[in-house]
Each structure stands twice: as C-alpha cells, then as structure tokens.
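Peer 1: Attaching a predicted model along with its sequence, questions to come.
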Amino acid sequence: MRNWIALLLGTALAALTVGCGGGGGGGNAGGGGAPVDTVPPSITATSATSPASSDGGPVPVTATVTDAGGVKEVYALITLPGGGSERVNMFLTSGAIYQGTFNAPANYEFDPALYIVIVNAADKSDNYGASFPFNFEVPGFEFPPPPPEEP
C-alpha cells in the first residue's frame, strides 16, 4: 500500500512540474540567454587644448572611448571657474576618438581661469563610465606693453 501511495504522489508531482522549463527566458537574464553586459566603457587619452590668450575661444576636448558592446553616447561635463557646469556633446571622429568643442569665454581677470573636465560615456547596455578629471586654463588678462620710448 505504501508503495502505491509513493508512486501516486511521485506521479502527481511529476505531472505538476512538467513544462516548468527552469525559469528565466526573457531578456538577457536566466534561461540560457546571452550574458549581461555590466562593464562600462573605457575612457582614455583625454585632452583639452587651452586657448592661447585671455580672449578665450574654442577648446577642443577629445577622448578615446571603447566598449565591446558598442558606445551609445559620449559627453564632457565642464566645471566652470565661477561654479556651475556645462555639458558638451562629443562625436565620433575616427576609430574610437570622440571630440567636442567648448567655447571658452574671455577672461578679464589677471589670474588664469581654471576649467575642470570629466568625460562621461554610456554603452548600449546603459553602463556608464567617467574619466579621471583633467583641466585646461584660459590665461589671465595682461596689459599690453607700453610703447617704446622715442629718443
């Protein structure tokens, strides 16, 4: 009798679990799908070229950005000398090099104006990475030299 009960319970349990499949299934999680990308983009070779004079002007910002799954967006966040920040979108120029341009205003102070830059990137799986901070300066204002004395 006990054998019949055990056989009946085992058969009922097997019938209830048929088609359960083992979970997961959708998206990139579980069920044997593709592995989930959790690695952010790599951001290297960052640079910004300071203007030559206190007049300011265009400042090219460049970075090399790579990601095995593909890069979705790249931008520079530039902290301004007086506070606040400005976002500069960066675009693929060649290979893995991205570039954007910040228009630095004239600096009417005698001390250089220091700008701090962090390049940010997102990949196609929405992983975000950021560069180490780097900077550029707009030179301070200088009075022109006096005219030469006449003999």
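Peer 2: In hand now; what should we look at?
Peer 1: Spatially, which residue comes closest to the residue most central in space within the chain, not counting chain neighbours?
Peer 2: In the chain, the C-alpha nearest the mean C-alpha coordinate belongs to A121, at 1.8 Å (CA atoms, centre = their mean). Take A121 and drop its neighbours on the chain: the residue closest to it by CB to CB, 6 or more residues apart in numbering is P41, 4.1 Å away. Just so you know, the C-beta spots here come from the backbone N, C-alpha and C atoms, and that holds for glycine as well.
Peer 1: Hmm, that neighbour is touching A68, no?
Peer 2: No. Applying CB atoms under 8 Å, one finds P41 not in contact with A68, separated by 9.3 Å.
Peer 1: For the nearest residue to P81 once chain neighbours are set aside, give the beta-bridge partners.
Peer 2: In this structure, P81 finds its nearest non-sequential neighbour in A113, 4.4 Å apart by CB to CB, 6+ apart. Beta bridges link A113 to V138 when assigned by DSSP bridges.
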